[in-house]
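>>> One predicted model, sequence on top.
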Amino acid sequence: MELLLSSLSGLDPDALELEYGAVRSQSMLMKRDLGLTTEAGALKENIKKNRYKDILPYDQTRVVLSLLTSDLDTDYINASFVEGATAGKRYIASQAPLSSTVTDLWRMIWQHDVKVIVMACREVEMGKKKCECYWAQLHQATTFGPFTVSSQGETHPNEDVVVRALTVTYQQLSRSLTQYQFLSWPDHDIPYEAAGVLDLLERVRASQRSRTSPVLIHCSAGCGRTGVICALDYIYDLLVTKPITTDFSIMKIVLELRRQRPSAVQTKDQYRFIFSSVACLIERLLESSGPQIYSNRSELKTQDKQTTVTPASCNKRSLPPSHHYDNDPAGASAAPVYSHVRPRNKPLSLQLSATPIYDLASPTNHLSPRSNGEHHVAAAEPLSPTNDDYEEFSSSVTDTPGLCPPGGIGFNCRIQKPKGPRDPPAEWSRLER
């Protein structure tokens, strides 16, 4: 483990960026070579059930709903099975439910006897709806189709996590489950420290224990933040159950996740976060193993400050994030507040990337559903609050308001650059006599 920690701490950020580029290119080759398809999600009757039109589950690994509660039910939900590192360990990587798919989510939970849910997003982020509320408010009961969900209690062990004890009843049978909502993970970004996510996973494992039912993990799309959580828990199981050999590769693990869930681990920053989190995880495991193993830690230092993760940075709070959340930090149980506060614009040089950051899992059969209120697929979504469930993952610079145009003045975006020469004043053309 010490050697693995040393190799993780000494990684060059530029090398990681190149490696993530290789992950993306190999993902496309893997999709082609294995014949991975997304035909079910692209069907006309299912397209409106997808939160994002470019993130569809592979037919080979999608969750098929067999529990039918009405004549209108189908077997489709935007969720994928992901195999864990040990025998019998499985995850369900799912998109956050829409208002029209909340019942489908509970059908899936009941069918697979899910006992633990990890929610890695908030209901509303940056003024955009990211997840429909599928649980009951504190000490209340809410009905979703034939399912009645009751809240038995809610705790806030720290500022990052809300823990909800829920009971779901279906046909006079009741089951208990626990939902962990992580509040400090900005969309399309990474947490400002690894400790919060690792603490979350410790709580999840304590709740799951030896159960063989899958752990349900979702963010908004079910690929970026969800993929990171799956990867970290997968690696934890490898570290504690199997000897680490020279062929250990985080890249291979991420590719294995992507074989099962499109675009798992969605950005290069999220990919880098896995490395720093695993280094932090190994530090914790070495500390818990006793002073004899951990005494070599002082020799495992590196000059690269961007990738070095020390016990201090693992266990202490760093600077708070600059992202603004719409929900009350004390817990997402409060009603969503649609704020007009927008995130600070990134430097233009960061936005004019030569290659797109996000992978697109495009369906094999492109269909354009009709616009019918809630289920509206737009070419680009405005930054103002909206009730649309669909949202584009990326937008061009020209589509984003508030940015200075390339070559503009820069210090004051409100002053526009003249578009061309102007005609001289008429007085200049008069001949003096």
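Arrived safely. Numbering: from 1, shown residues only.

>>> Helices of the stretch 201-350 of the chain, start to end?
Secondary structure of the stretch 201-350 of the chain (DSSP state H, counting those that start in this stretch): helices located at 224-241, 250-260, 268-288, 291-294, 311-315, 348-351.

>>> Using CSV, list the CA coordinates for the third one.
As requested, the backbone C-alpha atoms of helix 268-288 are provided in CSV (Å, rounded to 0.1, in the frame of the first residue of the first chain):
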residue,chain,number,x,y,z
LYS,A,268,-11.0,15.2,-16.0
ASP,A,269,-11.3,17.0,-12.6
GLN,A,270,-13.5,14.2,-11.3
TYR,A,271,-11.0,11.7,-12.6
ARG,A,272,-8.2,13.5,-10.8
PHE,A,273,-10.4,13.7,-7.7
ILE,A,274,-10.5,9.8,-7.6
PHE,A,275,-6.7,9.7,-7.4
SER,A,276,-6.4,12.3,-4.6
SER,A,277,-9.3,10.6,-2.7
VAL,A,278,-7.7,7.1,-3.1
ALA,A,279,-4.4,8.6,-1.7
CYS,A,280,-6.4,9.9,1.2
LEU,A,281,-8.1,6.6,1.7
ILE,A,282,-4.8,4.7,1.8
GLU,A,283,-3.5,7.2,4.4
ARG,A,284,-6.5,6.3,6.5
LEU,A,285,-6.0,2.6,6.1
LEU,A,286,-2.3,2.9,7.0
GLU,A,287,-3.2,4.9,10.1
SER,A,288,-5.7,2.3,11.2
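
>>> Which strands or helices does that helix pack on?
When contacts are defined as 3 or more C-beta pairs under 8 Å, 6 or more residues apart in numbering; DSSP states H and E, helix 268-288 sits against helix 2-9, helix 13-33, helix 195-208, helix 224-241, helix 250-260, helix 291-294, helix 311-315. C-beta coordinates here come from the backbone N, C-alpha and C atoms, glycine included.

>>> Out of those, which is the most enclosed?
The highest average neighbour count among these, using mean count of other C-beta atoms under 10 Å, belongs to helix 224-241 at a mean of 22.

>>> the inter-axis angle of it versus helix 195-208?
70 degrees (axes from the mean of the first three to the mean of the last three C-alpha atoms, to 10 degrees).

>>> Which neighbouring elements make contact with helix 224-241?
Counting contacts by 3+ C-beta pairs under 8 Å, 6+ apart, helix 224-241 is packed against strand 90-94, helix 195-208, strand 215-218, helix 250-260, helix 268-288.

>>> and if we set it to 6 Å?
strand 215-218, helix 250-260, helix 268-288 (3 or more C-beta pairs under 6 Å, 6 or more residues apart in numbering; DSSP states H and E).

>>> So for stretch 77-91, what gets flagged as buried?
Buried positions in stretch 77-91, judged by neighbour count with 16 or more other C-beta atoms under 10 Å: Ile77, Asn78, Ala79, Ser80, Phe81, Val82, Glu83, Gly84, Ala85, Lys89, Tyr91.

>>> quick one: which of those residues is nearest Pro13?
Pro13 lies nearest to Ala85 out of the buried residues of stretch 77-91, by C-beta to C-beta, at 26.6 Å.

>>> so what's the closest one up against?
When contacts are counted by C-beta atoms under 6 Å, 6 or more residues apart in numbering, Ala85 touches Tyr234, Asp237, Leu238.

>>> quick one: it is in a strand?
No. Counting by DSSP: H, G, I helix; E, B strand; the rest coil, Ala85 is not part of a strand but coil.

>>> Count the residues that sit near Arg284.
Applying other C-beta atoms under 10 Å, we find 17 residues neighbouring Arg284.

>>> oh, I was asking about Val116
If you count neighbours by other C-beta under 10 Å, Val116 ends up with 21.

>>> how far away is it from Ser213?
The spacing between Val116 and Ser213, counted by C-beta to C-beta, to the nearest Å, is 8 Å.

>>> same question, Leu29
Note on Leu29: its distance to Ser213, by C-beta to C-beta, is 34 Å.

>>> closest to Leu56 among the buried residues of stretch 77-91?
Asn78 (6.9 Å).

>>> Which strand or helix spans Trp105?
For residue 105 the amino acid is Leu, not Trp. Per DSSP states H and E, Leu105 falls inside helix 102-111.

>>> Which strands and helices lie in contact with that helix?
strand 141-144.

>>> Could you give me the buried positions within the helix or strand following the strand it packs on?
Toward the C-terminus, strand 141-144 is succeeded by strand 147-158 as the next helix or strand (DSSP H and E). Of the residues in strand 147-158, Phe147, Thr148, Val149, Ser150, Ser151, Glu154 count as buried by neighbour count, 16+ other C-beta under 10 Å.

>>> Reformat these as CSV; add distance to Leu43 and pLDDT.
Shown next, in CSV, are the buried residues of strand 147-158 (distance: C-beta to C-beta, whole Å; pLDDT from 0 to 100):
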residue, distance to Leu43, pLDDT
Phe147, 25, 98
Thr148, 30, 98
Val149, 29, 98
Ser150, 35, 98
Ser151, 35, 97
Glu154, 38, 97
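
>>> Any chance of JSON lines for the residues you listed, columns distance to Tyr192?
Shown next, in JSON lines, are the buried residues of strand 147-158 (distance: C-beta to C-beta, whole Å):
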{"residue": "Phe147", "distance to Tyr192": "36"}
{"residue": "Thr148", "distance to Tyr192": "38"}
{"residue": "Val149", "distance to Tyr192": "32"}
{"residue": "Ser150", "distance to Tyr192": "35"}
{"residue": "Ser151", "distance to Tyr192": "30"}
{"residue": "Glu154", "distance to Tyr192": "25"}
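
>>> Closest one of those to Ile229?
Using C-beta to C-beta, Glu154 comes nearest to Ile229 of the buried residues of strand 147-158, at 21.2 Å.
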